[in-house]
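Engineer: Coordinates for the following, if possible.
(chains A and B)
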Amino acid sequence: MPKSFADLLREARTQIREVTPLEVSALPKGTAVIVDVREEYEWEQGYIPGAEHVSKGYLEQAIEEVAPDRDQPVVLYCAGGIRSLFAAQTMQEMGYTDVASMSAGFQGWKSAGLPFDKPITLSQDQKQRYSRHLLIPEVGSAGQARLLASRALIIGAGGLGSPAALYLAAAGVGTIGLVDFDIVDVSNLQRQIVHTTARVGERKVESASVAIKALNPEIEVVAHEEMLGAANVERIIAGYDVILDGTDTFETRYILNDAAVAAGIPVIHASVFRFEGQLTTFVPYEGPCYRCLYPTPPPPELAPGCSVAGVLGVVPGILGLLQTNEALKVLLGIGNTLAGRLMLFDALETEFTELQLRRDPRCPVCSDEAVAARAAGRPLATTAMGADAPFLLTTTGLAGTISPEARA
Amino acid sequence: MSTVFIPSVLRANVGGAKALEVDGSTVRGIVDGLVLQHPALRGQLLTDDGELNRFVNVYVNGQDVRYLAGLETPVATTDEVRLLPAMAGG
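Structural biologist: Purely as a prediction, here's the structure:
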């Protein structure tokens, strides 16, 4: 026997429990999953704080992602309380045992004077460009908006920095800073894919900027065409949310570490040698810093750069992408970073090895004592390095022992 | 015998080997054994006073020996010992 809309609605009301907006607002946080089943354009006008958005049309397909547990309490709402009733019926059919529909819907919520959030809306172009991100619940439009508002700094537009620059740009990280004072050399192109044959001889920051803009014109590129040093590091890193360390010298790595710890900015660290790479994420005070891992640098003969030792081109490619993955997680606040873990990669064996790292309680940069000393205006770092790091304290340092090309 | 993984920067000192089997019941014993087999490693691994150089990290089963018992950290025959100096390349 055919049923009218009124019949269906009556039927739904007998099967589905209804709750009022005030009852929903009184639910302690986390007790129920609140799901907005309206269309996207309605969601963009505003939604209940903490609600998930699953349009009714995608309910069957998408609800298990936001409500994986069939027995957890779920409250559905729409604009006026009708669509959510039918959606709740569908969920009951799917085996959900505690589904309610909010009577009067979002309009009732607003009429009751209850607070609501307005999502950051992406432009039509952005929705298309980042659609594969928007489909992932862990990113979504809120995460994408966060990336667009984020600032990432890449130290070294070389082997590690190349894939990082391209993928950060592709991901829509709104501001990308590049620190490099070098010129594109033809020998860089075996691995530094952000540059091109046509741009040999150009400044690396310029060349990388062209590539970034070609991939994603809405990214703002900040070119720092200078060598990172003790005198400019604080100024250069200020205001960035995350730093990707892709330099070729210990001097720069220590200078960067000390300043980033003081500024509280996470540093994604990677280094490469021939077929091997090392990778970790330094989150100030949550995990160890670079000086906890390596209290002093090795003598130059034990740590040659790529121009001296050589490197298989894909190794910085792989490590640079893993750095980018870490950076995106840090920016989005999702997943687990490598903080406290050192990842070793061996390309010949295709092998990853993980080592556990610890904060050094006597670290001259990130220990409690060091923090207190900095707060008192008497940082420990330089004196604590002492004679353990002779070549950091010489006036030439690595800058004098390795040619500028070696830093590439 | 414990397995000691040699980082690529040090392989030239050990005839190119990626890993060596070395006898020793502590990290000190292992390092001494290594240096005995390959004297060229001595200057890379140890200071003049016979302590570990601070720029070489040693891990036993993935744990930094600086936070275990340093050179006195016990090493069993099934343990994996890894020498790890910092890398510079980028």
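Engineer: Any figure for the gap between A:Ile136 and A:Gly143?
Structural biologist: The gap separating A:Ile136 from A:Gly143 is 8 Å, by CB to CB, to the nearest Å. In short, each C-beta sits where N, CA and C put it, glycine included.
Engineer: ok, A:Ile268 touching A:Tyr240?
Structural biologist: No: contact criterion CB atoms under 8 Å: A:Ile268 and A:Tyr240 do not qualify, at 11.7 Å.
Engineer: Chain neighbours aside, what residue packs nearest to A:Met91?
Structural biologist: A:Val99 (4.7 Å; CB to CB, 6 or more residues apart in numbering or on different chains).
Engineer: now the helices for chain B?
Structural biologist: B:8-11, B:27-37, B:42-45 (DSSP state H).
Engineer: For those, give me JSON lines that also has mean neighbour count and distance to A:Ile82.
Structural biologist: Converted to JSON lines, these look like this (neighbours: other CB atoms under 10 Å in any protein chain shown; distance: least, CB to CB, whole Å):
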{"stretch": "helix B:8-11", "mean neighbour count": "18", "distance to A:Ile82": "67"}
{"stretch": "helix B:27-37", "mean neighbour count": "20", "distance to A:Ile82": "72"}
{"stretch": "helix B:42-45", "mean neighbour count": "18", "distance to A:Ile82": "75"}
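Engineer: so who does A:Ile219 touch?
Structural biologist: Applying CB atoms under 8 Å, 6 or more residues apart in numbering or on different chains to A:Ile219 gives the contacts A:Ala169, A:Gly172, A:Val173, A:Gly174, A:Thr175, A:Ile176, A:Ile212, A:Lys213.
Engineer: ok, the fourth one - contacts?
Structural biologist: Yep, that's A:Gly174 we're talking about. Contacts of A:Gly174 (CB under 8 Å, 6+ apart): A:Leu147, A:Leu148, A:Ala149, A:Ser150, A:Arg151, A:Glu218, A:Ile219, A:Glu220.
Engineer: The first one sits in which helix or strand?
Structural biologist: Secondary-structure element containing A:Leu147, defined by DSSP states H and E: helix A:140-148.
Engineer: That helix: which residues count as buried?
Structural biologist: A:Gly140, A:Ser141, A:Gly143, A:Gln144, A:Ala145, A:Arg146, A:Leu147, A:Leu148 (16 or more other CB atoms under 10 Å in any protein chain shown).
Engineer: ok, back up a step: what's the farthest-apart pair in the contacts of A:Gly174?
Structural biologist: Largest separation among the contacts of A:Gly174 by CB to CB: A:Arg151 and A:Glu218, giving 14.1 Å.
Engineer: more neighbours, the two?
Structural biologist: A:Arg151 (18 against 13; other CB atoms under 10 Å in any protein chain shown).
Engineer: That one pairs with what?
Structural biologist: A:Thr175 (DSSP bridges).
Engineer: distance between the ends of stretch A:92-107?
Structural biologist: 25 Å (CA to CA, to the nearest Å).
Engineer: Run through the residues that contact the nearest residue to B:Asn57 once chain neighbours are set aside.
Structural biologist: Once flanking residues are discounted, B:Asn57 sits nearest to B:Leu84: 4.5 Å by CB to CB, 6+ apart. B:Leu84 is in contact with A:Gln278, A:Leu344, A:Leu355, B:Pro7, B:Val56, B:Asn57, B:Val58, B:Tyr59, counting by CB under 8 Å, 6+ apart.
Engineer: For the spatially most central residue of chain A, grab phi and psi.
Structural biologist: With distances taken as CA atoms, centre = their mean, A:Leu328 lies nearest the centre of chain A, 1.9 Å away. With angles defined as degrees, to the nearest 10, A:Leu328 sits at phi -60, psi -40.
Engineer: Could you pull up the residues touching the residue lying closest to it once chain neighbours are set aside?
Structural biologist: Counting by CB to CB, 6+ apart, A:Leu328 lies nearest to A:Ala171, which is 6.1 Å off, once chain neighbours are set aside. Neighbouring residues of A:Ala171 by CB under 8 Å, 6+ apart: A:His133, A:Leu147, A:Thr324, A:Leu328.
Engineer: and the gap between A:Ala171 and chain B?
Structural biologist: Distance of A:Ala171 to chain B, given as CB to the nearest CB, to the nearest Å: 21 Å.
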